[in-house]
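In: Following is a predicted model, sequence given first.
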Amino acid sequence: MTHQSPTGGQDAVIEATEAAEPRVPVVVASPHSGRNYSALFLAASRLDPVALRRSEDSFVDEIFADAPGRGAAMIKALFPRAFLDTNREAFELDPDMFDDRLPGYVNTRSPRVIAGLGTIARVVSQGHEIYKRKLHFAEALERINSLYHPYHTSLLSLIRRTRQEFGYCILLDGHSMPSYVPGHGDLPGHPTLQDIVLGDAHGTACSQEVMAAVERFLSRRGYRVTRNTPYAGGYTTRHYGRPDAAVHAIQIEINRGLYMEEQTLTRKPFLDDLRNDMGELISTLAALDGKCLRGTAMS
């Protein structure tokens with residue numbers, strides 16, 4: 001799938017894949033694993049490419065890459081999270097990043113914006129500022145129109161087709177989390193206690209049957225799993241997760257220390273084990289009783 005890139009040319013910005021033989025009522029999303037950094041973006045940043053990449057959910061797209069082969073649909077963003085974050089409202093923007101006035105419809109006070117992590121981020125991990133200069137709102141609008149809207153249009157289309165095919169849809173939104181919780185100043189922080197955090201917006205975005213099945217499968221595979229702490233699900237989980245309309249959304253946060261060297265951004269051998277386990281998880285979800293997952297209202 002190709003869309004006009006905001007940096008010029010007909011660059012692919014999204015990859016959406018439907019299974020040749022749909023067998024599982026699952027859509028997998030990887031919104032933060034994109035690593036196509038344009039020369040224009042790199043030139044506008046005060047950070048080097050490695051520092052920018054620390055905002056990525058590196059290799060999550062690879063961890064879930066077996067989804068189409070397992071009969072599920074998959075979508076991934078090819079552009080980097082530091083350039084535009086699809087796991088936000090369309091217009092969560094920090095007014096201090098811009099040299100012109102933002103329209104009144106922009107959400108300038110969300111917790112994400114205040115933290116510097118809006119739709120267009122001000123900082124990467126550890127609070128390092130991204131840009132050398134202030135942006136123009138027209139630049140943000142171009143990114144949102146060229147990247148954000150095509151991503152969500154494609155995701156919604158996959159969800160609707162899956163629900164039409166099976167009567168319900170399970171959306172797995174794939175992410176990663178640092179192996180250490182950031183400390184203060186130069187302190188190294190504290191080790192993350194979980195291997196995987198499952199977020200369903202505290203039970204509102206997904207049926208308990210689906211959440212329990214995912215948690216049970218991963219726990220039996222030996223992962224330390226918890227729910228909703230510290231990640232309860234972002235915009236994608238909360239926006240699309242509507243159990244009453246037969247869409248069940250779970251955010252899956254995977255500890256980066258399991259599968260990558262975080263300083264060098266290189267893969268560890270266990271990535272292949274994770275990929276196999278996530279593929280098996282997708283296949284396992286096909287065995288759920290769909291009668292209780294079809295919701296009370298189809299829309």
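Out: Sure thing, it's come through.

In: How about residues contacting stretch 201-213?
Out: With C-beta atoms under 8 Å, 6 or more residues apart in numbering as the test, stretch 201-213 has contacts from 170, 198-200, 227-228, 232-233, 237-238, 240-243, 248-250, 284-285, 288-289, 292-293. Using the backbone N, CA and C atoms, a C-beta is placed for each residue, glycine as well.

In: Next, the distance between the ends of it.
Out: 17 Å (C-alpha to C-alpha, to the nearest Å).

In: and it, which residues are buried?
Out: 201, 205-207, 210-211, 213 (16 or more other C-beta atoms under 10 Å).

In: Of all pairs in those residues, which one spans the longest distance?
Out: Ala201 and Ala213 (17.6 Å; C-beta to C-beta).

In: So which of the buried residues of stretch 201-213 belong to helices?
Out: 210-211, 213 (DSSP state H).

In: Report the next helix or strand after the longest helix anywhere in the chain in sequence order.
Out: Determined from DSSP H, the single longest helix within the chain is helix 149-166. Elements were assigned by DSSP states H and E; along the chain past helix 149-166, the next helix or strand is strand 169-177.

In: quick revisit: now that we have the contacts of stretch 201-213, which of them are buried?
Out: 170, 198-200, 227-228, 232-233, 237-238, 240-243, 248-250, 285, 288, 293.

In: quick one: which of these sit in strands?
Out: 170, 198-199, 227, 248-250 (DSSP state E).

In: hmm, back to that, with the ones in helices among the buried residues of stretch 201-213 in mind, which one is nearest to Ser55?
Out: Of those, the one sitting nearest to Ser55 (C-beta to C-beta) turns out to be Met211, at 27.6 Å.

In: What's the separation between that closest one and Ala73?
Out: 20 Å (C-beta to C-beta, to the nearest Å).

In: Repeat that for Arg220.
Out: 26 Å.

In: Give me the more crowded residue out of those two.
Out: Per other C-beta atoms under 10 Å, whichever of Arg220 and Ala73 has more neighbours is Ala73, with 27 against 9.

In: Look up phi and psi at that one.
Out: Main-chain torsions, Ala73, degrees, to the nearest 10: phi -90, psi 160.

In: Just to check, it is in contact with Val28?
Out: Yes: using C-beta atoms under 8 Å, Ala73 is in contact with Val28, at 7.2 Å.

In: Next, show the common contact partners of those two.
Out: Ala67.

In: The residue nearest to Arg133 when sequence neighbours are not counted and Tyr151: what is the separation?
Out: Spatial nearest neighbour of Arg133, excluding adjacent residues (C-beta to C-beta, 6 or more residues apart in numbering): Ala44 at 7.3 Å. According to C-beta to C-beta, Ala44 stands 21 Å off from Tyr151.

In: Settle it for me: which of those two has more neighbours?
Out: Looking at Ala44 and Tyr151 with other C-beta under 10 Å, you find the greater number of neighbours at Tyr151, namely 27 against 15.

In: does the more buried one really touch Pro31, like I thought?
Out: Yes: assessed by C-beta under 8 Å, Tyr151 is found in contact with Pro31 at 7.1 Å.

In: Now for the residue at minimal distance from the centre of the chain: which residues touch it?
Out: For the chain, the residue nearest the mean C-alpha position is Pro31 (3.7 Å; C-alpha atoms, centre = their mean). By C-beta under 8 Å, 6+ apart, the contact list for Pro31 reads 57, 76-77, 81, 85-87, 151, 173, 175, 236.

In: Okay, buried residues for whichever strand or helix holds Val50 please.
Out: In the assignment (DSSP H and E), Val50 maps to helix 49-53. In terms of neighbour count (16+ other C-beta under 10 Å), helix 49-53 has its buried residues at 51-53.

In: Spell out the residue ranges of the helices in the protein.
Out: Ranges of helices in the chain, per DSSP H, are 39-44, 49-53, 60-63, 111-114, 137-143, 149-166, 208-220, 235-240, 270-285.

In: Same question for the fourth one: list its buried residues.
Out: What that stands for is helix 111-114. Here helix 111-114 shows 112-113 as buried, counting by 16+ other C-beta under 10 Å.

In: do the fifth one as well
Out: Neighbour-count burial for helix 137-143, with 16+ other C-beta under 10 Å as criterion, is recorded at 137, 140, 143.

In: out of everything not next to it in sequence, what's closest to the second one?
Out: Put plainly, it is Ala140. In space, and not counting its chain neighbours, Ala140 is closest to Ile120: 5.4 Å by C-beta to C-beta, 6+ apart.
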